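Novice: what's the 3D shape of this:
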Amino acid sequence: MATKEDVSSLHAGLAPSEWIVRWSHLLAPGATVLDVACGHGRHMQWFAAHGHAVTGVDRAPEATEAASAYGRTLTADIESGPWPFAGQAFGAVVVTNYLWRPRMADIVAAVTPGGVLLYETFAAGNESVGKPSRPDFLLQPGELLAACRELRVVAYEDGFLDEPPRFVQRIAAVRAGAADPAQPARHPLRGN
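Specialist: Numbering: from 1, shown residues only. Alright, predicted model coming up:
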C-alpha cells in the first residue's frame, strides 16, 4: 500500500494535475483556494501564480513547510482530528490523489456559493495496475458523482489513464451562486 508520505514524495516538485489546470478557468478571479492533502504544494503554487490566495492542509510537517512558500498552510491530521475549516468556505477546493470518505461531506461543504470543487483520485480497478490497491483508497463507480449531488457537475470522468497507468475518477463541479434568474449559469467547457 502506498502511504501518504509515498504519494506526497511522488508529487514533490511535479507539475500540477492536467485535470486541475484544465478546469481552473472555472474559478472566479482572485477566488480563495483550499488544497486538501496539499503535499509539497504543487497545486498551491499553480493557483498562487494565477492570482489566488491559497491555503493548504496536510498532516506531514515537511510537506506543509515546503508548501508554505505558496500560501498559508496548516499541519493537521484531518482523518483523526476535527475538520479545521468548519464554518469556512472557499472559492475553490482542490483534492488530488486523496480519499478519506468521512471527510467528503466537509470537503464539499467548504465550496462557497459560486465556488468550484476540483477533485481527482484513484478508482476501483487501480488494484490491477499498482498502488493504491486497498478498496479504502479507491472510489467505487459513481461514488464521486454521488458525493457531489448538491453541486452542478460541469465535467466528470471515470476511467483508465495510460501515463502513468491508473484508474481515476475526477470531477469539476460548481455550487450554485447568486445568479440572474433570467440567465442560466454559464460554465465554459474550454480547457486552459
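Novice: if I read this right, Ala53 contacts Val33, doesn't it?
Specialist: Yes. Ala53 lies in contact with Val33 (CB atoms under 8 Å); the separation is 7.2 Å. Placement of C-beta: from N, CA and C, glycine included.
Novice: Which residue of the two possesses the greater neighbour count?
Specialist: With neighbours defined as other CB atoms under 10 Å, Ala53 and Val33 compare such that Val33 has more, 26 against 14.
Novice: Bridged to that one, which residues?
Specialist: Val54, Ala92 (DSSP bridges).
Novice: Who are the contact partners of it?
Specialist: By CB atoms under 8 Å, 6 or more residues apart in numbering, Val33 lies in contact with 27, 43-44, 47, 52-55, 90-94.
Novice: Next: Asp77.
Specialist: Neighbours of Asp77 in contact, by CB under 8 Å, 6+ apart: Arg59.
Novice: so how far is Pro16 from it?
Specialist: 24 Å (CB to CB, to the nearest Å).
Novice: what ranges do the strands span in the chain?
Specialist: Under the criterion DSSP state E, the chain contains strands at 33-36, 54-58, 72-75, 90-96, 111-122, 152-161, 166-174.
Novice: between those, which gets nearest to Leu145?
Specialist: Closest to Leu145 of these is strand 152-161 (CB to CB; 6.1 Å).
Novice: how far does stretch 33-40 stretch from start to finish?
Specialist: 15 Å (CA to CA, to the nearest Å).
Novice: chain center to it: distance?
Specialist: Here the centre of stretch 33-40 is set off from its chain's centre by 8 Å, with CA atoms, centre = their mean, to the nearest Å.
Novice: Let's have the strands of the chain in CSV, adding mean pLDDT and distance to Arg22.
Specialist: Shown next, in CSV, are the strands of the chain (pLDDT from 0 to 100; distance: least, CB to CB, whole Å):
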stretch, mean pLDDT, distance to Arg22
strand 33-36, 98, 16
strand 54-58, 98, 18
strand 72-75, 98, 25
strand 90-96, 98, 13
strand 111-122, 97, 9
strand 152-161, 96, 8
strand 166-174, 97, 8
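Novice: Make TSV out of the ones you listed and add distance to Arg103.
Specialist: Compiled in TSV, the strands of the chain are given as follows (distance: least, CB to CB, whole Å):
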stretch	distance to Arg103
strand 33-36	8
strand 54-58	10
strand 72-75	14
strand 90-96	9
strand 111-122	12
strand 152-161	20
strand 166-174	16
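Novice: Would you check that Gln169 makes contact with Phe160?
Specialist: No. Taking contacts as CB under 8 Å, Gln169 lies outside contact range of Phe160: 11.1 Å.
Novice: neighbour count winner among the two?
Specialist: Legend: neighbour count by other CB under 10 Å for Gln169 and Phe160, higher for Gln169 (24 against 13).
Novice: any idea how far the more buried one is from Trp100?
Specialist: 15 Å.
Novice: So, low pLDDT: which residues of this protein?
Specialist: Applying pLDDT under 70 to the chain picks out residues 1-13, 178-187, 191-192.
Novice: Could you give me the buried positions within stretch 29-36?
Specialist: Ala31, Thr32, Val33, Leu34, Asp35, Val36 (16 or more other CB atoms under 10 Å).
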